[in-house]
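Q: Structure of the sequence below:
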Amino acid sequence: MPGGRLTQQERQQIALGLADGLAYAEIARRLDRPTSTITREVMRNGGPTGYRSDLAHRATEHRAHRRRQAAPRGAQAPPQAHGRDPEAVRRYEEVFTTVMMQSGMPQMTSRVMSCLCLTDTGSLTSAELTQRLQVSPASVSKAITFLEAQGLVRREPDERRRERYIVDNDIWYQSMMASARSTAQIVETARQGVSVFGSATPAGARLENIARFLDFVSESIARAAEQAREILHSMPEETTESPAGPAPDGGPTPLPDKD
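A: Numbering: from 1, shown residues only. Here you go, the predicted structure:
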């Protein structure tokens with residue numbers, strides 16, 4: 001499998017693949033590249049509908065030029081805690097950020113979310129985020145405002161009265177519950193439409209089926225989130241081995257039923 005940066009010819013192949021409606025995995029297979037490389041390339045350069053090979057190539061060269069100018073000769077990445085490989089951490093941060101972007105989160109918000117989630121403390125100040133991401137305080141503030149509105153971060157002052165942004169262990173539970181509530185609102189609205197259009201009409205029947213489907217989905221999300229919530233508070237030693245053993249089909253071990 002080839003390494004290094006994508007060439008201009010490879011970017012042209014990516015653009016052609018997107019135009020043909022190919023999945024990232026298929027484009028990656030044809031180029032003999034990891035799927036994550038293709039995903040990151042597309043999401044950083046306009047997304048599947050806005051990707052242009054020539055613009056992407058110039059943007060990449062510009063970013064590389066800026067990094068060379070910003071980094072002093074002989075400068076090395078800061079040491080990582082617990083003996084982690086700094087380059088592996090950097091690559092993983094890019095992948096994590098790309099996944100956040102694919103979920104619909106703006107790019108800067110995704111970067112801030114990744115930065116918070118991938119710290120051992122789970123909290124950073126505005127100054128720390130600004131330094132780590134090399135962006136302006138205003139960009140961080142805008143991203144935090146978005147994340148706070150989604151219930152994904154919270155603020156609290158530290159011992160030096162600086163405002164810290166915190167990612168709780170519970171954020172993914174709260175996110176799932178918010179999703180379930182949002183879906184439940186769609187269910188209610190769809191059922192209101194049934195009475196307007198009439199249950200015997202094609203539009204009314206469609207709305208009723210939407211409501212039934214999403215009602216089942218929202219209830220399932222809420223129930224699963226409640227059952228799995230304790231996992232978010234498990235310590236590493238508690239998750240190294242499951243007493244129930246692996247599932248028969250090789251999938252994840254089912255959660256025990258709660259009384």
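Q: what about the stretch 1-150 of the chain, any weak spots by pLDDT?
A: In the predicted model of the stretch 1-150 of the chain, residues 1-3, 62-79 satisfy pLDDT under 70.
Q: cool, and the stretch 151-259 of the chain?
A: Along the stretch 151-259 of the chain, the model assigns pLDDT under 70 to residues 235-259.
Q: can you give me the strands in it?
A: Secondary structure of the stretch 151-259 of the chain (DSSP state E, counting those that start in this stretch): strands at 154-157, 163-166.
Q: Next, Leu22: phi, psi?
A: Dihedral angles phi and psi of Leu22 (degrees, to the nearest 10) take the values phi -80, psi 150.
Q: With adjacent residues omitted, what lies nearest to it?
A: Once its chain neighbours are removed from consideration, Leu22 has its nearest residue in Arg30; the separation is 8.0 Å (Cβ to Cβ, 6 or more residues apart in numbering). (C-beta placed from N, C-alpha, C; glycine too.)
Q: Against Glu159, how distant is the one you found?
A: 55 Å (Cβ to Cβ, to the nearest Å).
Q: More neighbours: which of the two?
A: When Arg30 and Glu159 are compared for neighbours, Arg30 comes out ahead with 15 against 6, by other Cβ atoms under 10 Å.
Q: Please name every helix or strand in contact with the strand or helix carrying that one.
A: For Arg30, the host element (DSSP states H and E) is helix 24-31. Counting contacts by 3 or more Cβ pairs under 8 Å, 6 or more residues apart in numbering; DSSP states H and E, helix 24-31 is packed against helix 8-19, helix 35-43.
Q: For stretch 131-138, buried residues please.
A: Counting neighbours by 16 or more other Cβ atoms under 10 Å, one finds that the buried residues in stretch 131-138 are 132-133.
Q: circling back: now for the residue nearest to Leu22: which residues touch it?
A: Arg30 sits next to 13, 17, 22 when contact means Cβ atoms under 8 Å, 6 or more residues apart in numbering.
Q: Distance to Arg212 added to the residues you listed, as TSV?
A: Supplementary listing: those in TSV, determined by distance: Cβ to Cβ, whole Å:
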residue	distance to Arg212
Gln13	43
Gly17	37
Leu22	34
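Q: of all the residues you listed, which comes closest to Ala59?
A: Comparing the contacts of Arg30 against Ala59 with Cβ to Cβ places Gln13 closest, at 17.4 Å.
Q: pretty sure the closest one is touching Ile27, no?
A: Yes - under the contact definition of Cβ atoms under 8 Å, Gln13 touches Ile27, with a separation of 7.3 Å.
Q: More neighbours: these two, which one.
A: With other Cβ under 10 Å as the criterion, Gln13 and Ile27 differ in neighbour count, and Ile27 comes out ahead with 24 against 19.
Q: ok, Val196 to Arg40 distance?
A: Applying Cβ to Cβ, the value for Val196 to Arg40 is 45 Å.
Q: neighbour-wise, which of the two wins?
A: With other Cβ under 10 Å as the criterion, Val196 and Arg40 differ in neighbour count, and Arg40 comes out ahead with 20 against 10.
Q: for the spatially closest residue to Arg181 that is not a sequence neighbour, what are its contacts?
A: Nearest in space to Arg181, with sequence neighbours left out and distances taken as Cβ to Cβ, 6+ apart, is Ser218 at 7.8 Å. Contacts for Ser218 were tallied using Cβ under 8 Å, 6+ apart; they are 179-181, 183-184, 187.
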